[in-house]
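Trainee: curious how this folds, go ahead:
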Amino acid sequence: MRSFLLAAAAVAALTGASPVQAQVQPQTVVTPALFDAMFQDHAVLQRGRPIKVWGRAAPGAAVSVSLGQAQIQATAGADGVWRATLPTLTAGGPYVLTARSAGASQSVSDIMIGDVWLCSGQSNMEFAVRQATNAESEIGAANDAKIRLFLVGRSSLPAPSAAPRAVGQWRVTSPQSVRDFSAACYFMGRDLRRAEDVPVGLIAASWGGSIIEDWLSRDAVEKLGGHQEALKALDAYARDPGQGDAIWRRVTQDWWRTNDPGTKQGWHLARTNDADWAPILAEGFWESTVPGLATFDGIVWLRKEVELTAAQARQAATLELGPVDDADVTWINGQYIGGQQGWDTPRTYAVPAGTLKAGRNLIAVGVLDTNGGGGAWGPAANKRLVLADGTAVSLSSGWRHRVAAPLGDLPNPPRTPWIGGSGTTTLYNGMIEPLGAYGMKGMAWYQGESNIGDYVGYRRLLPALFADWRARFENPEMRMLVVQLANFGPMASQPTNSYWAALRESQRTVVNADPLAGLAVAIDIGDRYDIHPTNKLEVGRRLALEARRLDGQTPPVSPQPVSVTRAADGVHIRYSASAQLVAYGSNRPVGFELCGSDNACRFVDATLSGDEVVLSSVMASDLRVRFCWADSPICNLYGPAGLPAVPFEAEIR
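Mentor: As a prediction, this is how the structure comes out:
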């Protein structure tokens, strides 16, 4: 009993509860956590840098923190938050990390000191080990206790949470813990662990289909500019979702009225004659169901007529369209009834009484697809008009379509700022901000597929992310590893203006401008039929090689051009001597193009001469060289260790 009273008194010092109160219901007494939820059993703390730790105690309370032989004092602020910085340690462990305050204490054990990496991005980083090539064998061999895994749960918030919360759990690597962990992240960490023999902590925080803007903090977005309307609506939504919805509805409708030819021409109105519109199935992505739209991104309008009796028309109703990829504006009889974003978000819209009429009713849906699949792709059986009396009118057939505009003819469409994955700052708020200033060596970033349509803007967004996260984790030397997008989509028999190639070039340009960034080239390990290639083992290997290069080691790297110059015998593309260039499957490299002042490009023959590639058939008007410039190019130029040469575009000097 004496021991119990002492423990209860310690609890009371932090919670305001009295020991007497605690005695009444002893089973409810729990020693409060002093550490932030990031500090748990099995965690890895960053070696070679002062170690920041933090947590909560009673306002003004003294807190003593110890790790191994190191001990330091801190004081909780008026908000109860305390912070302490422990001295730098070399790799090793296990240690016990302890905090004491007002008689209460908390210890977390099996703490290792090593290298901590944050892995983030969209679905190709989220892609789990169980989905990867040779999954069962890799899972069965996952038994290195010095690789620790922390999987951040999906969370999208319009503003940072005021209260601290746990977003994941540190786990020792095992077949059970690795199964659902990021494959690219795990394989990278495993290669680094083998190469450097230090403990490795891997934090995976990804969201399939996410855009880069959703991973930036509010401050970073404000500094970029051009997002004022989104931030205004987001702030309103955080206070009152209805107010935010109203603001964003006006923004969305203004964009469609200003930029969509279909809206301008009244394709949502009954006066439009759609007799020459082509039929379209009520389910499936249009890329796979409409031959002419096999590679189409942009706006397509869908229309369907439905006959109602006078009794049916007097009722309110609900329109159920299923998911629409990516955004829609939906009208009935010329009245706007709703619009949403999110490729897998089912559309369910209220139809007010008075909207419907006896006889012919027109349902018109403008669909904007920004990449990947497009259209009202959900099951046809789920498309229906449900009347207030519970009866349903099927919408499973009879749809017609017409193309309004390709994506390249449109300005960037507005994205609802609070929708997780396609919003603004929400994933940062939910999945990055809660990590605090946790010590990190670097980040591995696999994202870009969802920003294909804005490859120019990506050249500002990616360095903004670098700066933002270096500030968040208080490490200006944080390494930034980027996976250059893999091959995906149709091959090209003629030079083409590829959005995928252009975004790869944005990634290359940003990485080359940052001395602490590295590029893992994946142009040869994708799948042109599947945006989610399964060979994540090789992605991880290439990320690890770049991480080691940034540490001053000399592993092989993907060859990049050093110079592109004009000479009497053609254009010379010089690589570093260490590139050790080789052309596989041919006596010469393929995939090189020359482009003139009219922006027209043509394939040209190339020859390999030591550390140079020489392009013949040069014309005086040629200004640029492109290499492997297509969605899914054929690339056979390689360097050491099977690493492909980097796709690029460069001016001829």
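Trainee: okay, now Ser396: neighbour count?
Mentor: Neighbour count of Ser396, defined by other Cβ atoms under 10 Å: 15. Heads up, the C-betas are built off the backbone N, CA and C, glycines and all.
Trainee: give me the nearest residue to it, chain neighbours excluded.
Mentor: Ala380 (4.0 Å; Cβ to Cβ, 6 or more residues apart in numbering).
Trainee: measure that neighbour to Arg400 for me?
Mentor: Between Ala380 and Arg400 the computed distance is 15 Å (Cβ to Cβ, to the nearest Å).
Trainee: ditto for Gly168
Mentor: For Gly168, the distance to Arg400 - Cβ to Cβ - is 48 Å.
Trainee: cool, and Phe39?
Mentor: Separation of Phe39 from Arg400 (Cβ to Cβ): 59 Å.
Trainee: do the same with Asp235
Mentor: In this view, Asp235 and Arg400 are 41 Å apart by Cβ to Cβ.
Trainee: ditto for Lys304
Mentor: When Lys304 is compared with Arg400 (using Cβ to Cβ), they lie 7 Å apart.
Trainee: neighbour count winner among the two?
Mentor: Neighbours were counted for Lys304 and for Arg400 using other Cβ under 10 Å; Lys304 has more, 20 against 16.
Trainee: next, give phi and psi for that one.
Mentor: phi -150, psi 140 (degrees, to the nearest 10).
Trainee: any idea what it is bridged to?
Mentor: On the basis of DSSP bridges, Lys304 is bridged to Ile363.
Trainee: check contacts around it.
Mentor: Shown in contact with Lys304 (Cβ atoms under 8 Å, 6 or more residues apart in numbering): 362-363, 395, 398-400.
Trainee: what's the least confident helix or strand in this structure, going by average pLDDT?
Mentor: helix 19-24 (a mean of 30; mean pLDDT, DSSP states H and E).
Trainee: hmm, Arg460 and Ala513 touching each other?
Mentor: No: Ala513 is beyond contact range of Arg460, at 11.8 Å (criterion: Cβ atoms under 8 Å).
Trainee: so those two - more neighbours on which side?
Mentor: Arg460 (15 against 12).
Trainee: which stretches of the protein have low pLDDT?
Mentor: Low-confidence segments of the chain (pLDDT under 70): 1-32.
Trainee: can I assume Glu546 is in contact with Ala522?
Mentor: No: between Glu546 and Ala522 there is no contact under Cβ under 8 Å: 11.8 Å.
Trainee: return the residues in contact with the residue nearest to Ser396.
Mentor: So Ala380 contacts 281-283, 396-397 (Cβ under 8 Å, 6+ apart).
Trainee: rerun that using 6 Å as the cut-off
Mentor: Listed by Cβ atoms under 6 Å, 6 or more residues apart in numbering, the contact partners of Ala380 are 282-283, 396.
Trainee: chain neighbours aside, what residue packs nearest to Arg193?
Mentor: Val200 (4.6 Å).
Trainee: that neighbour and Gly189 touch, don't they?
Mentor: Yes: assessed by Cβ atoms under 6 Å, Val200 is found in contact with Gly189 at 4.6 Å.
Trainee: more neighbours, the two?
Mentor: Set Val200 next to Gly189 and count neighbours by other Cβ under 10 Å: Gly189 wins out with 30 against 27.
Trainee: quickly find the element holding that one.
Mentor: For Gly189, the enclosing helix or strand under DSSP states H and E is helix 183-196.
Trainee: how about that helix: buried residues?
Mentor: Residues 183-193, 196 are the ones in helix 183-196 that count as buried (16 or more other Cβ atoms under 10 Å).
Trainee: which residues sit against that helix?
Mentor: Contacts of helix 183-196 (Cβ under 6 Å, 6+ apart): 119, 125, 127, 129, 132, 147, 178, 200, 202, 204, 444, 446, 536-537, 539-541, 543-544.
Trainee: partners of whatever helix or strand comes next after that helix, with directions?
Mentor: Once the chain leaves helix 183-196, the next helix or strand it forms, by DSSP H and E, is strand 200-206. Neighbouring strands of strand 200-206 in its sheet, by DSSP bridges, are strand 104-121 (parallel), strand 147-151 (parallel).
Trainee: what's the angle from the last one to helix 183-196?
Mentor: Going back to what we said before, that points to strand 147-151. 160 degrees (axes from the mean of the first three to the mean of the last three Cα atoms, to 10 degrees).
Trainee: next helix or strand past strand 147-151?
Mentor: strand 170-172.
Trainee: tell me which other helices or strands that next one touches.
Mentor: strand 147-151 (3 or more Cβ pairs under 6 Å, 6 or more residues apart in numbering; DSSP states H and E).
Trainee: chain center to the strand it packs on, what's the gap?
Mentor: Taking Cα atoms, centre = their mean, to the nearest Å, one finds strand 147-151 lying 19 Å from the centre of the chain it belongs to.
Trainee: likewise stretch 98-117?
Mentor: 31 Å.
Trainee: one more: stretch 581-589?
Mentor: 35 Å.
Trainee: list the buried ones in it?
Mentor: Within stretch 581-589, judged by 16+ other Cβ under 10 Å, the buried ones are 581, 583, 589.
Trainee: what's the answer for stretch 197-215, then?
Mentor: Buried residues in stretch 197-215, defined by neighbour count with 16+ other Cβ under 10 Å: 198-215.
Trainee: contacts only, for Val511.
Mentor: 482, 517, 519.
Trainee: I misspoke; the intended subject was Ala84.
Mentor: So Ala84 contacts 53, 65, 72, 74 (Cβ under 6 Å, 6+ apart).
Trainee: got the CA coordinates for whichever strand or helix holds it in CSV?
Mentor: Per DSSP H and E: Ala84 is located in strand 81-86. Taking C-alpha atoms only, strand 81-86 is exported to CSV below (Å, rounded to 0.1, in the frame of the first residue of the first chain):
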residue,chain,number,x,y,z
VAL,A,81,6.1,20.7,-23.5
TRP,A,82,9.8,20.1,-22.6
ARG,A,83,12.7,19.6,-25.0
ALA,A,84,16.2,18.4,-24.4
THR,A,85,19.3,17.8,-26.5
LEU,A,86,21.5,14.9,-25.6
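Trainee: that older thread, just the buried ones among the contacts of Lys304, please.
Mentor: 362-363, 395, 399-400.
Trainee: Thr98: which of the contacts of Val511 is nearest?
Mentor: Comparing the contacts of Val511 against Thr98 with Cβ to Cβ picks out Ala517 as the nearest, at 37.2 Å.
Trainee: kindly state the beta-bridge partners for that closest one.
Mentor: Under the criterion used (DSSP bridges), Ala517 bridges to Met480.
Trainee: and it, how far from Pro414?
Mentor: On the measure of Cβ to Cβ, Ala517 and Pro414 end up 30 Å apart.
Trainee: of those two, which one has the most company?
Mentor: Using other Cβ under 10 Å, the more surrounded residue of Ala517 and Pro414 is Ala517, with 23 against 19.
Trainee: correct me, but that one touches Arg479?
Mentor: No: with contact defined as Cβ under 6 Å, Ala517 does not count as touching Arg479 (7.3 Å).
Trainee: quick one: the helices in the stretch 1-150 of the chain?
Mentor: Secondary structure of the stretch 1-150 of the chain (DSSP state H, counting those that start in this stretch): helices at 2-15, 19-24, 123-126, 135-140.
Trainee: actually the stretch 251-400 of the chain, not the one I typed
Mentor: Under DSSP H, counting those that start in this stretch, the stretch 251-400 of the chain gives helices at 261-264, 286-289, 310-313.
Trainee: for Ser563, which of those is the nearest?
Mentor: Closest among the helices of the stretch 251-400 of the chain, using Cβ to Cβ: helix 286-289, at 40.5 Å.
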